[in-house]
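# the amino acid sequence is not available; the structure is as follows:
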């Protein structure tokens with residue numbers, strides 16, 4: 001069970017890192033916008049990133065929550 005959890009967690013990390021990369025690129029492209037547009041784009045990007053990361057974490061917890069409790073991996077999702 002632990003090895004299956006590790007594989008799933010690596011997939012979770014890969015997806016999260018992909019989101020980080022995507023949003024980093026969006027922020028970089030926003031630097032050329034006007035100040036007002038840049039502020040709006042940055043705010044929207046932060047909110048959307050937060051929502052996507054939370055959704056990803058919730059999916060992982062729903063899929064593996066009971067196994068995490070059985071294995072006493074309480075801090076696993078925080079890592």
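The structure has been received and is ready for your questions. These figures come from a predicted structure and were not determined experimentally.
# buried ones in the helix or strand of the chain with the lowest mean pLDDT, by neighbour count?
When each helix and strand of the chain is scored by mean pLDDT, DSSP states H and E, helix 35-70 comes last, with a mean of 85. If you call a residue buried by 16 or more other C-beta atoms under 10 Å, then helix 35-70 has these buried ones: 41, 45, 49, 60, 64, 68. To be clear about C-beta, it is placed using only N, CA and C from the backbone, and glycine gets the same treatment.
# which strands and helices lie in contact with it?
helix 2-30 (3 or more C-beta pairs under 8 Å, 6 or more residues apart in numbering; DSSP states H and E).
# and the helix it packs on, what does it pack onto?
Here helix 2-30 touches helix 35-70, going by 3+ C-beta pairs under 8 Å, 6+ apart.
# so who does the residue positioned nearest the centre of the chain touch?
In the chain, the centroid-proximal residue (C-alpha atoms, centre = their mean) is residue 53; its distance is 3.0 Å. By C-beta atoms under 8 Å, 6 or more residues apart in numbering, the residues touching residue 53 are 16, 19.
# again, only using 10 Å
The contact partners of residue 53, taken as C-beta atoms under 10 Å, 6 or more residues apart in numbering, are 15-16, 19-20, 23.
# quick one: which of these is most hemmed in?
Neighbour counts for those, by other C-beta atoms under 10 Å, peak at residue 23, which reaches 17 neighbours.
# understood, closing this out.
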